[in-house]
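A.B. asks: Need a 3D model of the sequence below.
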Amino acid sequence: MEEKTKRTVVIPGEVLAKGEDYLPGEGTEKIGKEIIAIKYGLSEEANKLVKVIPLSGVYQPRKGNIIIGKVENITFYGWAIDIDSAEGAFLPLQEIPGYVDKDGLREIFDIGEMVVAKILDVNGRGIDLTTKSRGLGRIDEGLIVKVNSSKVPRIIGKEGSMISLIKEGSGCEVTVGQNGLIWIKGDKVEDELLAKGAINFITEKSFSSGLTGEVEEWFKKEKGGNK
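C.D. replies: The predicted structure follows:
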């Protein structure tokens with residue numbers, strides 16, 4: 001059963017907890033014995049870990065994140081990818097699996113195409129990407145859904161529970177980019193739209209406790225109505 005957690009709207013500088021027992025999580029810092037909010041959002045405390053969930057915000061790239069982006073430009077050395085962040089991202093030629101002819105870069109990824117990639121590094125020059133892992137590469141079918149990147153943890157769920165529920169309920173493959181772009185691939189358009197509907201439902205209800213049960217009921221209702 002999903003743990004019910006009380007969430008309240010907080011502003012930067014607000015004291016969220018006092019005492020040595022509490023640990024500062026994302027969106028907070030500890031000053032003396034007090035844990036202070038450093039972001040505007042919803043405070044949450046679980047197992048003495050205090051954090052602030054941002055209500056909105058721009059995606060902040062991190063090494064190891066799976067992202068979905070659009071090819072913006074092609075250079076002699078690789079591809080410039082828009083990943084909906086403040087910094088530019090680049091997919092170097094050497095981070096493509098297999099041999100690539102430098103005259104055939106457009107055959108791998110052309111301008112305007114969508115790509116699933118992993119962040120290899122975040123540095124002063126920008127963001128370096130790779131597609132050298134299973135499940136990464138060009139997107140050539142299915143649907144892409146855009147959500148606020150702050151909603152991604154809720155869509156994935158605790159230990160992947162929510163995304164598993166979406167996959168099982170819709171029968172689709174679902175790849176969640178940490179930057180808020182989600183790729184849905186199913187056997188039928190109806191299945192893809194069902195998964196998209198579930199994602200939209202979760203984003204609208206993302207601050208509800210007991211959301212897993214609500215999503216299960218949503219799937220039952222949707223499938224019942226489509227028979």
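
A.B. asks: and after the helix or strand hosting residue 79, which helix or strand comes next?
C.D. replies: Assigned by DSSP states H and E, residue 79 belongs to strand 78-82. Downstream of strand 78-82, the next assigned helix or strand under DSSP H and E is strand 89-92.

A.B. asks: Let's test this: mean pLDDT of that next one, rounded?
C.D. replies: The average pLDDT within strand 89-92 is 96.

A.B. asks: before we move on, what about stretch 202-211?
C.D. replies: For stretch 202-211, mean pLDDT is 83.

A.B. asks: Okay, now it: how far is its last residue from its first?
C.D. replies: Stretch 202-211 has an end-to-end distance of 8 Å (criterion: C-alpha to C-alpha, to the nearest Å).

A.B. asks: rewinding a little: what is the strand holding residue 79 packed up against?
C.D. replies: The contact analysis (3 or more C-beta pairs under 8 Å, 6 or more residues apart in numbering; DSSP states H and E) places strand 78-82 against strand 66-75, strand 89-92, strand 114-123. Yep, even glycine has a C-beta here, placed from its N, CA and C like the rest.

A.B. asks: Repeat the analysis, applying 7 Å as the threshold.
C.D. replies: Contacts defined by 3 or more C-beta pairs under 7 Å, 6 or more residues apart in numbering; DSSP states H and E place strand 78-82 against strand 66-75, strand 89-92.

A.B. asks: starting at the chain centroid, how far to the shortest one?
C.D. replies: This points to strand 89-92. 19 Å (C-alpha atoms, centre = their mean, to the nearest Å).

A.B. asks: can you check the longest one too?
C.D. replies: Its chain's C-alpha centre and that of strand 66-75 lie 16 Å apart, by C-alpha atoms, centre = their mean.

A.B. asks: That strand - what's its average pLDDT?
C.D. replies: Rounded mean pLDDT across strand 66-75 is 96.

A.B. asks: From residue 35, how far off is the residue nearest to the spatial centre of the chain?
C.D. replies: Nearest to the mean C-alpha position of the chain, by C-alpha atoms, centre = their mean, lies residue 178 at 2.7 Å. Here residue 178 is placed at a distance of 25 Å from residue 35 (C-beta to C-beta, to the nearest Å).

A.B. asks: that older thread, ok, now which ones touch the residue nearest to the centre of the chain?
C.D. replies: By C-beta atoms under 7 Å, 6 or more residues apart in numbering, residue 178 lies in contact with 65, 66, 67, 149, 152.

A.B. asks: For the third one, name its beta-bridge partners.
C.D. replies: Beta-bridge partners recorded for residue 67 (DSSP bridges): residue 117.
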